[in-house]
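Asks: structure of the sequence below:
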Amino acid sequence: MSSLLEHLDPRRLAAAVELAAGAVPAADDRALAAALLARLCALVEATRGVLDAADAVAAHATWGGPAGEAESVLRLPLVAASHAVGWLEVARDAGAPFTTADRVLVELVSPRFALLLERQRLVAAESEARAAAADAVSQLRLREERFELMVDSAFEFIGLLTRDGFVLEVNRAALDLVGLTRDDVVSRPFWDTPWWAHDDAQRERLRAAIATAAAGQPDGFEATHRARDGADVIVDFSVRPVPAADGVCRYLVVEGADVTAHRHAREDLARSRDELAAHVSAQAGRLARAEGALEETQALHQAVVETIVDGIVVIDASGIMAWSNASAQAMFGYRADELEGRNVSMLMPPHESGEHDGYLRRYLATGERRIIGIGREVRGRRKDGSEFPLYLAVGETSVNGERKFTGILRDLSETKRLEQLLQERQTLARIGELASVVAHEVRNPLAAIRGVVEVIQTRFPAESSDRKVLGDLLTRVDSLDHLVGDLLVYARPAPPVFRRAPVLALVRDTIALVTNDPAATPMRFEVSGEDVELWLDTAQMGRAVLNLMTNAAQAMRHQGVVRVTGHRIGDRYRLSFIDEGPGMPDDVRARCLEPFFTTKTRGTGLGLPIAKRVVDEHGGHFGIASIAGAGTEVTIDLPVASRGRG
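Replies: From the prediction side, this is the model:
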């Protein structure tokens, strides 16, 4: 090699060394590559040159005209850091082939081209890595913002504790309840905060609940908090463990739902919920944390939202669901993947779902609010098609310039049941007042009328038509007296007197009473199953069974078979009464337990309501299943346990 260099033209060798050193002015790497290639072609008297990179991001340069049909080509691979980075090619007329000296000059300059291409590749790789890292941080911050917004939209008391009960975070609603700031409670034992200062017994109950949750089991109880205005607020309070990825519980989520308004009018409930929603504000996130801290905060917020009792659904401006929490999924019976990407109208009854998109478009166009920012009671539709009442409050926000709507859903099924029960009890109270008046003003005159009619009846011969008319009059008087008796039993039942008694034996005794009626002679009663002793008021339960037997007999026109079976189902005992009558149409089935509703010409409409009332007093469940033309089955489920009587 040294001998070859000695025979090279010193001028050409010096020019090659200058090129290899990169002493060529240029604006950027691509311009430098073009300039170096042009000077190299001039040095070896080439008519054409090509610098070809192994990838598209590095410099690429050509010099001279297109490739000829007959030319001499010198092509060298370019290597940097032990890997190929491209090719260097020079060419000239085939009549003047490249010499060994030419090849040596090109090889001398080629490392400069290789380093130029490698530097471009490394710069491009670094740029891509920086862009990817910036995008990852942006995505994490976006998720953090979404979870913060979801928590801010909640209406309830929400907090995060350490495993040993020290406060880490609480939402604005919890602080506003008693007029606190975050600094008043953070890092303090939860039971030593002002929420619990007014009641030592509740503090001890809270400590026990925290200990239970720290052991891995959720716990809860109804608590009373003293608001800053002095009013007592009843809260359905719970503590839940939040297991980490390794299954170990490191945090506890506490939440409390204000149930005070459920005991008052519906308007008070709506107003308090809206006021609570209006005061929920955003918690400032710690966006300056490193990527690891952002991921941890995201996981904590995810755990909080997923353990909230209320359902949360996030939709876009087109009504398409973007996210839902576990409570919302359980409330409607769907999986997360069955909701995301679908229109939220699928969660509404048909008569409301068709109007939802129109409401949303009108709001976006005019700003007219019908539910957004207000909240109201609506109906939801589960996956199985069943409908249920719920309270819906919708908040609006913007994420990266895109409108989002967050819906907070609370199932009102239990609230409605309690309201209906209260209404029934109020109705009973009014019926009780009426029954007292009727018993006093009607029953005594009835007794006098009956006595007079009996006396008059004795004055007519036994076969006299007048005596028969008086007998019919006595029957009507007895029916009216029976109606007054049923009314008193239903409206003001005597307190039950429980004792241990065999159920099927009671049924058989009642059947004996029914079969004593000559009209029931064509009928048969079949009793089967396991007889057990339960705590019963035998008089009241016997009356309930008698009412069911009488209804079955009348429905079958005193012909056919009534089957009575008894058997245990877990901790309950079920009595079933199955007749062969014509069954009930749907409209009759829907109203058969209403007081005074009857399809009989001479019925009181109190037989089934009295039977249900007796079963309710025994802590049982009363059910009716009937299909028109296929008979009726009445079931009574009674507790096997002693109801605290030993």
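Asks: going forward, measure contacts between C-alpha atoms and count neighbours the same way
Replies: Fine.
Asks: tally up the residues packed near the nearest residue to residue 617 once chain neighbours are set aside, please.
Replies: Leaving aside its sequence neighbours, residue 617 sits nearest to residue 496 (C-alpha to C-alpha, 6 or more residues apart in numbering; 7.4 Å). Other residues near residue 496 come to 15 when the count uses other C-alpha atoms under 10 Å.
Asks: and if you look at residue 17?
Replies: Residues near residue 17, counting by other C-alpha under 10 Å, number 15.
Asks: quick check: buried residues in the helix or strand containing it?
Replies: Per DSSP states H and E, residue 17 falls inside helix 10-20. Within helix 10-20, the residues that count as buried by 16 or more other C-alpha atoms under 10 Å are 13, 15-16, 19-20.
Asks: helices or strands up against whatever helix or strand comes next after that helix?
Replies: Note on helix 10-20: by DSSP H and E, the next helix or strand toward the C-terminus is helix 29-43. Secondary-structure packing of helix 29-43 (3 or more C-alpha pairs under 8 Å, 6 or more residues apart in numbering; DSSP states H and E): helix 10-20, strand 48-53, strand 61-64, helix 100-152.
Asks: just give me the lowest mean pLDDT stretch among those.
Replies: The weakest mean pLDDT among these belongs to strand 61-64, with a mean of 70.
Asks: break this structure down into its structural domains.
Replies: 2-127, 153-308, 310-411, 412-492, 495-646 (automatic domain parsing).
Asks: for the most centrally placed residue in the chain, list the residues it contacts.
Replies: Taking C-alpha atoms, centre = their mean as the criterion, residue 328 is the residue nearest the geometric centre of the chain, at 1.7 Å. Counting by C-alpha atoms under 8 Å, 6 or more residues apart in numbering, residue 328 makes contact with 310-313, 409.
Asks: so for it, what's the pLDDT?
Replies: Value for residue 328, per-residue pLDDT: 89.
Asks: help me confirm that residue 326 comes into contact with residue 332.
Replies: No - judged on C-alpha atoms under 8 Å, residue 326 makes no contact with residue 332 at a distance of 10.1 Å.
Asks: what's the neighbour count on the residue nearest to residue 559 when sequence neighbours are not counted?
Replies: Leaving aside its chain neighbours, residue 559 sits nearest to residue 523 (4.7 Å; criterion: C-alpha to C-alpha, 6+ apart). A total of 16 residues lie near residue 523 under the criterion other C-alpha under 10 Å.
Asks: which of the helices and strands packed on helix 29-43 is buried the deepest?
Replies: Neighbour counts (mean count of other C-alpha atoms under 10 Å) averaged over each of the helices and strands packed on helix 29-43 peak at strand 48-53, with a mean of 23.
Asks: strand partners of that one, parallel vs antiparallel please.
Replies: Strand pairing for strand 48-53, using DSSP bridges, gives strand 61-64 (antiparallel), strand 83-93 (antiparallel).
Asks: closest to residue 234 out of those strands?
Replies: Nearest of these to residue 234, taken as C-alpha to C-alpha: strand 83-93 at 73.5 Å.
Asks: give me the buried stretch members for that closest one, please.
Replies: In terms of neighbour count (16+ other C-alpha under 10 Å), strand 83-93 has its buried residues at 85-93.
Asks: do the same with stretch 467-476
Replies: For stretch 467-476, the neighbour count (16+ other C-alpha under 10 Å) marks 467, 470, 473-474 as buried.
Asks: what lies in contact with that stretch?
Replies: Here stretch 467-476 has contacts from 450, 453-454, 457-458, 460-461, using C-alpha under 8 Å, 6+ apart.
Asks: likewise for stretch 70-80?
Replies: The contact list for stretch 70-80 (C-alpha under 8 Å, 6+ apart) reads 84-98, 103, 107, 110-111, 113-115, 118.
Asks: could I get the full set of strands for the stretch 201-350 of the chain?
Replies: 219-226, 232-243, 249-258, 311-316, 321-324 (DSSP state E, counting those that start in this stretch).
Asks: do you know which of those strands lies nearest residue 574?
Replies: strand 219-226 (32.1 Å).
Asks: name the helices or strands packed onto the closest one?
Replies: Counting contacts by 3+ C-alpha pairs under 8 Å, 6+ apart, strand 219-226 is packed against helix 200-214, strand 232-243.
Asks: distance between it and the chain's centre?
Replies: Strand 219-226 sits 23 Å away from the centroid of its parent chain (C-alpha atoms, centre = their mean, to the nearest Å).
Asks: CA-only coordinates of that strand in PDB, if you can.
Replies: Taking C-alpha atoms only, strand 219-226 is exported to PDB below (Å, rounded to 0.1, in the frame of the first residue of the first chain):
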ATOM      1  CA  ASP A 219     -67.300  -2.700  54.900                       C
ATOM      2  CA  GLY A 220     -69.800   0.000  55.300                       C
ATOM      3  CA  PHE A 221     -72.500   1.500  57.600                       C
ATOM      4  CA  GLU A 222     -74.900   4.400  57.800                       C
ATOM      5  CA  ALA A 223     -73.300   7.400  59.400                       C
ATOM      6  CA  THR A 224     -74.500  10.800  60.500                       C
ATOM      7  CA  HIS A 225     -72.300  13.900  59.700                       C
ATOM      8  CA  ARG A 226     -72.800  17.300  61.200                       C
END
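Asks: okay if I get the buried residues of helix 10-20 as JSON lines plus distance to residue 203?
Replies: Formatted as JSON lines, those follow (distance: C-alpha to C-alpha, whole Å):
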{"residue": "13", "distance to residue 203": "93"}
{"residue": "15", "distance to residue 203": "90"}
{"residue": "16", "distance to residue 203": "88"}
{"residue": "19", "distance to residue 203": "84"}
{"residue": "20", "distance to residue 203": "82"}
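Asks: ok, back up a step: out of the strands paired with strand 48-53, which gets the lowest mean score?
Replies: Looking at the strands paired with strand 48-53, the weakest mean confidence is strand 61-64, a mean of 70.
Asks: buried residues in the helix or strand just after that one?
Replies: Following strand 61-64 in sequence order, the next helix or strand is strand 71-80 (DSSP H and E). For strand 71-80, burial by neighbour count (16+ other C-alpha under 10 Å) applies to 71-74, 78-80.
Asks: what lines up beside strand 71-80 in the sheet?
Replies: Sheet pairing of strand 71-80 (DSSP bridges) gives strand 83-93 (antiparallel).
Asks: quick check: angle from the strand it pairs with to helix 29-43?
Replies: 40 degrees (axes from the mean of the first three to the mean of the last three C-alpha atoms, to 10 degrees).
Asks: who's in contact with strand 83-93?
Replies: 41, 45-55, 68, 70-79, 110, 113-114, 117-118.
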